[in-house]
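Q: Curious how this folds, go ahead:
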Amino acid sequence: MPKRKALSYGVGERRSWVISDLVKAWKTFEEVKKLDPNDLEQHFIAGLALQMAGQSDECDVEYERFCKKAEAYHVTIQEAINYYQDIIDKMEEESRKLKLNGGHDEVHPELSNIKSRVIVLTRFQEHRDLDRNKKCVVS
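A: Model (predicted):
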């Protein structure tokens, strides 16, 4: 049976995090939570901040909370994935248009984090599928 990857595996930008990233992530978490204590996004942001701080077990707990709330809000994990993928597609199209019109080469700053939501949701669904496929043998 394949080994489970942590929900946090492959999440975040492909560069080393610095303290200012952690401070920014935690500030964003506090702002989201203050606006709406039930907002599912707070769990993704908290997971990211905990991951930056090296708290892998705790970050996966927050990512799992994000996934469960995303599923409840969007009805299925696949619908949640579709929602975020639509945002990704729009951000990437916006970046392509900017480049074609002589704009900067930078991509949208939140694109990596939106892609990370899709990674976490996809992995959560994979874990759930693995759990469903486990067979209990009683002799």
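
Q: how close does residue 79 get to residue 40?
A: 13 Å (CB to CB, to the nearest Å). (Glycine included, C-beta is placed from N, CA and C.)

Q: More neighbours: those two, which one.
A: Shown here are residue 79 and residue 40; by other CB atoms under 10 Å, residue 40 has more neighbours (20 against 13).

Q: give the contact list for that one.
A: By CB atoms under 8 Å, 6 or more residues apart in numbering, the residues touching residue 40 are 65, 66, 69, 70, 73.

Q: Got the domain ranges for this structure?
A: Per the record, the chain has its domains at 16-74, 77-115, by automatic domain parsing.

Q: If we ignore the residues flanking it in sequence, what's nearest the residue nearest to the spatial centre of the chain?
A: The residue lying closest to the centre of the chain (CA atoms, centre = their mean) is residue 117, at 2.3 Å. Distances taken as CB to CB, 6 or more residues apart in numbering place residue 84 nearest to residue 117, at 4.8 Å, with adjacent residues excluded.
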